[in-house]
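Novice: Predicted model, plus sequence, below.
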Amino acid sequence: MSDELTFPQLQGQCYLDTAGACIPSKELLDACHADLTSNLYGNPHSAGSKSSQASSDRIESLRNTVLGHFNVTNQTHAVVFTSSATHALQLIADAYGNTKAADSKTPPTLYQLSTNHTSVVGLRRSLQSKGWAYRSIKASEVESLHKAAEEVVLGPPGDSLFTMPALCSYSGTKQPLEWIQLAREGRLLTNAGGEGVRCKVLLDAASYVCNHSLDLSSVPADYTVLSFYKMFGYPTGVGALIVRLESAEALQPVYFGGGSIDAYSGDVDVVVSSSNVSKRLEHGTLPFTALCGVETAFKLYNSIGMQFLHQRSYTIARAAYTELYKLHHANGCKVVLFHMPCQGQSPELPATQGPILTFVLLRPDGSQVSPNEVQTLASLNEIHLRAGCLCNSGACHEYAKLDPTAFQALVAQGYRCGTSEDIDERGYAIGGVRVSFGIHNTLEDVARLVEFLHKHFVDPTPMMTAGTPTASPCTKVTITQLSVYPIKSCGAFHPSEWPIGPTGFQHDRSFMLINSAGRALTQKQQPLLATIKPIILDTMLCVRAAGCARLQVPLQASVDDPAAVIQSRVCADNVAAQDCGPEAAQWFEAVLGQPCRLVRLMKGSARDCRQPGATAQLSFANEAQYLAISQSSLNFVTQAAGEPIAGDVFRSNMLVSGSGLPAFDEDRWTQLKLPATQGLPSSVLSVVGRCARCRMICIDQTTGKAQAEPLETLSRIRRDKGRTYFGVLLSLSSAPKEGEMLRVGLELNLG
C-alpha cells in the first residue's frame, strides 16, 4: 500500500473487487470534507451569485483537468458530465443516429464486439428502433475482417458506429486500441457489399482507466465513456462522456432539459439547441459538489503519481496470477481455469492482461465448481470478490462455450442473470469468479485469497454425491424433534406433538415480516430475526425478544378489513397478506432497528408448492410444506467440520433418527408414511426435492451472528451440480385428516 494513502475501512477485510468499485482513501475523503466545509458552492444555474460562480468555476476547471488527464484539450474534445458510464451511453442512445446522411443508400450499422459490457450492448435496441442494422463481432474475428478490409474499396462516409471496450470487464483482456484508427479509416470492417466501412468509434474506457493511462490524442475515439468512482472510489454517481469535437454534430438529442438549450417556447414548438456540446447534452443541474470531489481526487492522486499507483495494481495482479497458476490438487490436476484468451497456459501474466483475473475452480476430477458457491464462502471469510457473468454475457458465454441456441434454451427453462444455479447440464459454470486489484491491495491480500482457496477447494474431503446414496437396511425412522416457525425466518418452538394443517404444520410460517418495499424480510437481510422467539398459545401468537415486553397477536383477525390487505412477495410469488397493526409494527421495529410490518396469511391466499410435480399448498414457506433432516447426517457434518454443529441452523420441521440409518440416506427416500389410524389409509409425506442451502445456515439461531460453519463443510462434502444440499423437502400427498398430528417418538415408514 502506498505510504501516502490509507484505507482504515479495510481493517480485517480482503477487498478484491476494484473492477466493481475502487475503494476511496481516507486522505481523499478528508480532502473532500475539508473542501465542502470550507467553501460555499451554489447551483451553477443561479448565475450572478458568488456561490454559483464558485461552482461554475470548479466545473470548468474539472473539464480541463479531465481533458488534460487524457492528453487532449478543449480545442479538440469536450467533456459531458453524466451520472455514470451507463448514463453516458444512454445519452448516446438518445442523441445518436437521429439524422440520416443525404447520400446514404443503406441504413447505418452498429458493429459491436461481443465482449462489450451490458450497458454498451443496450445501444442496439435504441439504434435498431431508428432503423439501424446490427452486427456482433467476436474479438477473434477482427483480424480476419481487418485483412479483408485492407483489400477492398472504401464505402461512402456514414454514421455506422463501432463499439469496443478498452479492457474486457469480464476477462480483463486489453483490446488493441489501434483498432480505433483502423475502424475510422474503413480498414477494419466490411459491409455486406464488400466495402470497407468508415465508422465512428465508441470506446468504453470504464474498466480501463482505473488502472491505465489513456492518451486520446493518439487513440482517436469519437466518444469515450467512463465512471469516476471506478478511478477513485469517491464520489459515486459521476461519470463522463468525452466527445471528439469533429464528431459532435452527430449527437442531436431528442430530449432537452434545464440548461441544455439556448431558447425555447412553452407554447409552440420552438427550440434552439445549444451549440456547445457539453451544454447540449447536460440536462438539468449537474451534481456540482460531487464534481468538486472529482477535482479534489485528481489533485490528490496526481500529487502522488498516477503511474505509480497504476503500477502497484499490476504488481499485485502478477503475484496473484503466479500463485493461482501454481495451485494443483494432489493428483496433479490444476485447480484454476483462467477465463482469458491463453486460459492460463503461461506461468507469467500475459502483457495483454489487465489487473483483473477471472476463473473457475476445478475439482480433482476436472469438474467445475459453482462460482456462486465460491463467492458465498469468500463472503463468510470477509473476502470481497464477484461471481457470475459480471454484466458481460458475451464474454461469459464465450468462455462457458455456450452457443446462442443453448442459451435461448436455458432462458426458456427459467435461467436469469444472478441465479445461484450457475452450472449447466454439461457441468460448465455459466460465469466465473473475478478478482480485481487496485491501489489499496497488498501481497497479504494475495496470500489470504490463496489460503482461502487451499482450505476450501484444493483436495477437499471426498464428496458424498447427493444423487448416489449408499444402500440402507433401515426401513423406519423415528421423529426426535418437531419445530414450528410461526413467523417466517424467526425462531422456532418445539412442541411434543403438533397438528397437520393444509399448508404444513398448523400456523407454521403463517406470519411474516415485510420491509418498506413489501418484500419478505429474512435472516439473509436481518440476522437478528433469529433472536425473536414466537410461540402459539391457544388463539394467540406470543412473541419474545431480549429486553422487550411480550407481544401478543391474534392468530386470526377479528374482522376482515380491506384496508389492511397488503400485496407482498415470497420468493417470486405474489401473496395477499393482512397487516397486523401498528402495535406489532412498532414492537418489531424496536427489536430490529428498521421499519417493518407483521402480516398474517389470508384465507385463500396459499401458494402452490415450488417443486416440480408437487401439488401441495404453501403458507409463507419458500419451497415446500415440511423440511426433514436426519441425526446421522447431522453427526456426519459435525465430524467433518471438527466442531459442534447446532441442528437448529438448518431450520427443519422434523429431526429424525433410525437404527443403522446411514448419513444422507434421506437422499434416496421417496416418501415417509404415517401409521394408519382408526382404520383409515396412512397419510403420506412425499419427498418433493432436496433442500439447497445458502449462507443463512451460517447464522447462529441464538445470537443472530454470522459464522463460517456449517456452509464451509457442506460445500466440500455435499456439492452436486453447483449446489449444496442438506435435508429433504416434504409435502402431504393428500388433504390432512381431522385431528391428525405428528409427535415426537412417532415411527414413520420409509419409501
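Specialist: Received it, and whenever you're ready, just let me know what you need.
Novice: Point out where the stretch 601-750 of the chain drops to low pLDDT.
Specialist: Applying pLDDT under 70 to the stretch 601-750 of the chain flags residues 609-615, 678-680, 721-722.
Novice: can you map out the strands along it?
Specialist: In the stretch 601-750 of the chain, strands defined by DSSP state E, counting those that start in this stretch lie at 607-608, 617-618, 626-630, 654-657, 671-673, 684-692, 719-720, 723-732, 741-743, 747-750, listed in chain order.
Novice: Can you tell me what sits against the second one?
Specialist: Outside strand 617-618, the residues that touch it by Cβ atoms under 8 Å, 6 or more residues apart in numbering are 502, 503, 504, 606, 607, 608, 609, 610, 624, 625. (Each C-beta comes from the backbone N, C-alpha and C, glycine too.)
Novice: still on that earlier bit, out of the strands of the stretch 601-750 of the chain, the one nearest residue 89 is which?
Specialist: strand 723-732 (35.2 Å; Cβ to Cβ).
Novice: pLDDT score for the spatially most central residue of the chain?
Specialist: Using Cα atoms, centre = their mean, the residue of the chain that lies closest to the mean C-alpha position is residue 418, 5.6 Å off. Model confidence at residue 418, given as pLDDT, is 77.
Novice: Which secondary structure element of the protein has the lowest mean pLDDT?
Specialist: Ranking every helix and strand in the chain by mean pLDDT, DSSP states H and E puts strand 607-608 at the bottom, with a mean of 72.
Novice: what distance separates that one from the centre of its chain?
Specialist: 27 Å (Cα atoms, centre = their mean, to the nearest Å).
Novice: Packing partners of it?
Specialist: With contacts taken as 3 or more Cβ pairs under 8 Å, 6 or more residues apart in numbering; DSSP states H and E, strand 607-608 sits against strand 617-618.
Novice: so how far is the strand it packs on off the chain centroid?
Specialist: Mean-position distance between strand 617-618 and its chain equals 30 Å (Cα atoms, centre = their mean).
Novice: Contacts only, for the residue nearest to residue 710 when sequence neighbours are not counted.
Specialist: Among residues not flanking residue 710 along the chain, residue 645 sits closest, at 4.8 Å (Cβ to Cβ, 6 or more residues apart in numbering). Neighbouring residues of residue 645 by Cβ under 8 Å, 6+ apart: 634, 637, 638, 709, 710, 713.
Novice: Let me know the closest of the residues you listed to residue 170.
Specialist: residue 713 (31.2 Å).
Novice: In this model residue 637 seems to touch the closest one, though I could be wrong.
Specialist: Yes. Judged on Cβ atoms under 8 Å, residue 713 makes contact with residue 637 at a distance of 5.8 Å.
Novice: Tell me where the stretch 251-400 of the chain has helices.
Specialist: All helices of the stretch 251-400 of the chain, identified by DSSP state H, counting those that start in this stretch, fall at 277-281, 288-304, 306-325, 371-380, 393-399.
Novice: Now render these as JSON lines, adding distance to residue 42, mean neighbour count and mean pLDDT.
Specialist: As requested, the helices of the stretch 251-400 of the chain are arranged in JSON lines below (distance: least, Cβ to Cβ, whole Å; neighbours: other Cβ atoms under 10 Å; pLDDT from 0 to 100):
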{"stretch": "helix 277-281", "distance to residue 42": "18", "mean neighbour count": "21", "mean pLDDT": "92"}
{"stretch": "helix 288-304", "distance to residue 42": "8", "mean neighbour count": "20", "mean pLDDT": "94"}
{"stretch": "helix 306-325", "distance to residue 42": "31", "mean neighbour count": "18", "mean pLDDT": "90"}
{"stretch": "helix 371-380", "distance to residue 42": "43", "mean neighbour count": "22", "mean pLDDT": "90"}
{"stretch": "helix 393-399", "distance to residue 42": "44", "mean neighbour count": "23", "mean pLDDT": "93"}
